[in-house]
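# sequence? don't have it. structure:
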């Protein structure tokens, strides 16, 4: 795929959707290239799920244009559905059915695709094939949801917060599964509010806030866009006189200093020069350190820089 | 890992089409399995009607005519009265006999009159007392040589068809058709909506009308068992008659069940919570349990209410079932009832399709 002539699996123009009192999607433009894994990142209520549901043909937009795999919902709904795989946020599959019965039901809706047994093997639930859905763990349920999404051999896969609420091991298993699907050259649109997930899985990311896309690019580009490579965080012990924050702003290589909940965050370009200066400055002020951490700038820092809020707020 | 699930190029052709792989067959199968794996539902649909029929059948079973207890104060009178088999005669001293009469232990007290006749003491407002008076007097007069001028003989009407259990079984059958259809549709649909399972299914290429059809199909499959169990029990245990054509009876059950299913679909068409749905279901079903003649005849309600009562689907279903089973009426005689059922079916189903919330 060349940059000059990208083939888009999904193109959205000026999409709008209002619910009674909120504008959930506010003039959104989106282009997802064929074969890429595209992430919608944002806090709860940013409009990610509404955007997904409009793309999945579950919700009608108030206005705007949408073309997916060269088709449109109003004219080609049936053939379009045959080529989509969908995993919705918190769907509860029927507890009383077994894994195999559930997959077999979903398989019956698609003209082509792997057999139920093959899909169950793909998501590594062979041993649970005869277990009731109600007896599965959270991670197993999520993999079953994935099996139901993959059973029609889709060209375009929608994943709405696929790993929310799962333990780290279950998350990694699901990531492996998503990467395998991605490796086969098909397209994924994924929402998440875990930035590590977005950084690991997504080729490109759109950061959404209040129904709009506020930043777009590869994870690397987005992080580079805030112009810092590192974040230094520290907490100071209590002293007679309060910490002088403004002095910290003048340290070489420090771009921004934020003070919240008793801890200080500094966005820094050159860690090796900023940290010794910071320590000198703190000892000059007579402030003892109770905690000092540094990490590479992440998508979370991008979001905080752009909006002044955290992804997991609200 | 199988290639087909990940290799974009290798789209597998559809497996040979078998009917078991058809979405409608799968949806119906799944409905059926979910029902069978719900022990409470099994109880309410299959066991409860039988328990109810058995309990009421025993409570209202026909007993041989009661023998009336009376008292006589002289041995001669007692001997005369004992000729009457329906009287249980006790010979008591006058004072004790008076007490027994006052306590209701005997229905009548017979004592010789000074004139050589007989005096009957009894409460004339009590039907037992009056019956005892007639039986006792007949025995006394016959013993004195009376010959009845008109010869009379008795034919007893104790055959199946006129007993309470015969009235009850079609009523219970109608109630069961209504309950299982409305609960079956209502809870399953609202639950699928609440769990967002319905939304998930709508996101697949599943044709939406298949989803609704699968409920009707699984309902009809279960109907065979439901109706069979209740009617089999009534016929074998209580000898409830099946005088009409069984095919007609089957058609009536199917029509009734479809009407109630449409009603259930309408009730479940918008509700998002189980609580809202059960409130609606009870509001719809409760009045019909009372007025539609399940346990007692709907004729007992005042005349001005009859047109409304007759227009209710449960009344129509039960009337038609009773006329088929007890009077052997053919479908041609049941046109009004079938018309009512078909009307409910059409109106409810069209409304439900318009109102149905798919998410």
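Arrived safely. Quick caveat: nothing in here was measured; it's all calculated off a predicted structure.

# Quick one, grab the pLDDT at the spatially most central residue of chain A.
Taking C-alpha atoms, centre = their mean, the centroid of chain A lies closest to residue A:192, which sits 2.7 Å from it. pLDDT for residue A:192: 87.

# Surely it and residue A:161 touch.
Yes. Using C-beta atoms under 8 Å as the test, residue A:192 is close enough to residue A:161 to be in contact (5.9 Å). (Each C-beta comes from the backbone N, C-alpha and C, glycine too.)

# May I have the secondary structure class of residue 141?
Since no chain was named, I'll use chain A. helix (DSSP: H, G, I helix; E, B strand; the rest coil).

# Count the neighbours of it for me.
Using other C-beta atoms under 10 Å in any protein chain shown, the number of residues around residue A:141 comes to 21.

# surely it meets residue A:135?
No. In this structure residue A:141 lies outside contact range of residue A:135 using C-beta under 8 Å: 9.9 Å.

# so who does the residue nearest to the centre of chain A touch?
When contacts are counted by C-beta atoms under 8 Å, 6 or more residues apart in numbering or on different chains, residue A:192 touches A:39, A:40, A:41, A:161, A:162, A:163, A:164, A:198.

# give me the number of residues near the last one?
Yep, that's residue A:198 we're talking about. Residue A:198 has 25 neighbours, counted by other C-beta under 10 Å.

# all strands for the chain, in order.
Using chain A. Using DSSP state E, the strands found in chain A span residues A:8-18, A:23-33, A:37-41, A:63-68, A:84-87, A:156-160, A:187-192, A:204-209, A:212-217, A:230-236, A:254-260, A:263-268, A:289-296.

# Please refer instead to chain B.
Using DSSP E, the strands of chain B run over B:68-72, B:87-91, B:108-112, B:118-122.

# closest to chain A out of these?
Chain A lies closest to strand B:68-72 among those, at 59.7 Å (C-beta to the nearest C-beta).

# That closest one: how far from the chain's middle?
Distance, stretch centre to chain centre, for strand B:68-72: 40 Å (C-alpha atoms, centre = their mean, to the nearest Å).

# so that strand versus strand B:118-122, what angle?
Angle of strand B:68-72 versus strand B:118-122, following axes from the mean of the first three to the mean of the last three C-alpha atoms, to 10 degrees, is 130 degrees.

# Can you tell me which of the contacts of residue A:192 has the largest number of neighbours?
Going by other C-beta under 10 Å, residue A:41 tops the contacts of residue A:192 with 29 neighbours.

# Okay, and the beta partners of that residue?
Counting by DSSP bridges, residue A:41 is bridged to residue A:192, residue A:207.

# Go ahead and confirm it touches residue A:306.
No. Assessed by C-beta under 8 Å, residue A:41 is found out of contact with residue A:306, at 11.1 Å.

# Poorly predicted segments of the chain, please.
Answering for chain A, as no chain was given. For chain A, residues meeting the criterion pLDDT under 70 lie at A:1-6, A:239-241, A:311-314.

# oops, chain B please
For chain B, applying pLDDT under 70 flags the ranges B:1-17, B:60-66, B:156-161.

# what's the spacing between the closest residue to chain B within the stretch 151-300 of chain A and residue A:131?
Closest to chain B within the stretch 151-300 of chain A is residue A:184: 3.9 Å, counting by C-beta to the nearest C-beta. Counting by C-beta to C-beta, to the nearest Å, the gap from residue A:184 to residue A:131 is 28 Å.

# try residue A:217
Taking C-beta to C-beta, one finds residue A:217 at 43 Å from residue A:131.

# residue boundaries of the helices in the stretch 151-300 of chain B?
Using DSSP state H, counting those that start in this stretch, the helices of the stretch 151-300 of chain B run over B:164-194, B:197-202, B:208-238, B:246-267, B:274-291.

# thinking again about what came up before, just put the strands of chain B in a markdown table and tack on distance to residue B:314 and mean neighbour count.
A markdown table is the format used below for those (distance: least, C-beta to C-beta, whole Å; neighbours: other C-beta atoms under 10 Å in any protein chain shown):
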| stretch | distance to residue B:314 | mean neighbour count |
| --- | --- | --- |
| strand B:68-72 | 41 | 24 |
| strand B:87-91 | 45 | 19 |
| strand B:108-112 | 46 | 22 |
| strand B:118-122 | 45 | 17 |
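
# What is the neighbour count of residue A:214?
A total of 15 residues lie near residue A:214 under the criterion other C-beta under 10 Å.

# doesn't residue A:207 make contact with it?
Yes. Checked against C-beta under 8 Å, the pair residue A:214 and residue A:207 is within contact range at 5.4 Å.

# Common neighbours of these two, please.
residue A:306.

# and residue A:124, what does it touch?
Shown in contact with residue A:124 (C-beta under 8 Å, 6+ apart): A:143, A:173.

# check contacts around residue A:209.
A:42, A:43, A:46, A:303, A:306, A:307.

# Of those residues, which count as buried by neighbour count?
A:42, A:43, A:46, A:303, A:307 (16 or more other C-beta atoms under 10 Å in any protein chain shown).

# Out of those, flag the one nearest to chain B.
Set against chain B, the nearest of the buried ones among the contacts of residue A:209 by C-beta to the nearest C-beta is residue A:46 (20.0 Å).

# So for that closest one, what's the nearest residue that isn't a sequence neighbour?
Closest residue in space to residue A:46, ignoring its immediate chain neighbours: residue A:208 at 4.3 Å, by C-beta to C-beta, 6 or more residues apart in numbering or on different chains.

# Do I have it right that the one you found meets residue A:44?
No. Counting by C-beta under 8 Å, residue A:44 is not a contact partner of residue A:208; they are 11.0 Å apart.

# more crowded one of these two?
Using other C-beta under 10 Å, the more surrounded residue of residue A:208 and residue A:44 is residue A:208, with 25 against 12.

# what separates that one from residue A:216, distance-wise?
10 Å.

# next one: residue A:267
21 Å.

# what do you get for residue B:100?
For residue B:100, the distance to residue A:216 - C-beta to C-beta - is 103 Å.

# and if you look at residue A:93?
Distance, residue A:93 to residue A:216, by C-beta to C-beta: 34 Å.

# Between the two, which has more neighbouring residues?
Taking other C-beta under 10 Å, residue A:93 and residue A:216 do not tie; residue A:93 has more neighbours (21 against 17).

# Spell out which residues of the stretch 151-300 of chain B are next to chain A.
B:192, B:195, B:196, B:197, B:199, B:200, B:202, B:203, B:204, B:205, B:206 (C-beta under 8 Å from any C-beta of the partner chain).

# Show me which pair in these is furthest apart.
The distance between the two most remote of those (C-beta to C-beta) is 20.7 Å, for B:195 and B:205.

# what about the closest residue to residue A:154 other than its chain neighbours, how many neighbours?
Of all residues not flanking residue A:154 in the chain, residue A:85 sits nearest, at 3.3 Å (C-beta to C-beta, 6+ apart). Number of residues near residue A:85 (other C-beta under 10 Å) recorded here: 27.

# what pairs with residue A:85 across the strands?
residue A:157.

# who's in contact with it?
Contacts for residue A:85 (C-beta under 8 Å, 6+ apart) come out as A:149, A:150, A:151, A:152, A:154, A:156, A:157, A:158.
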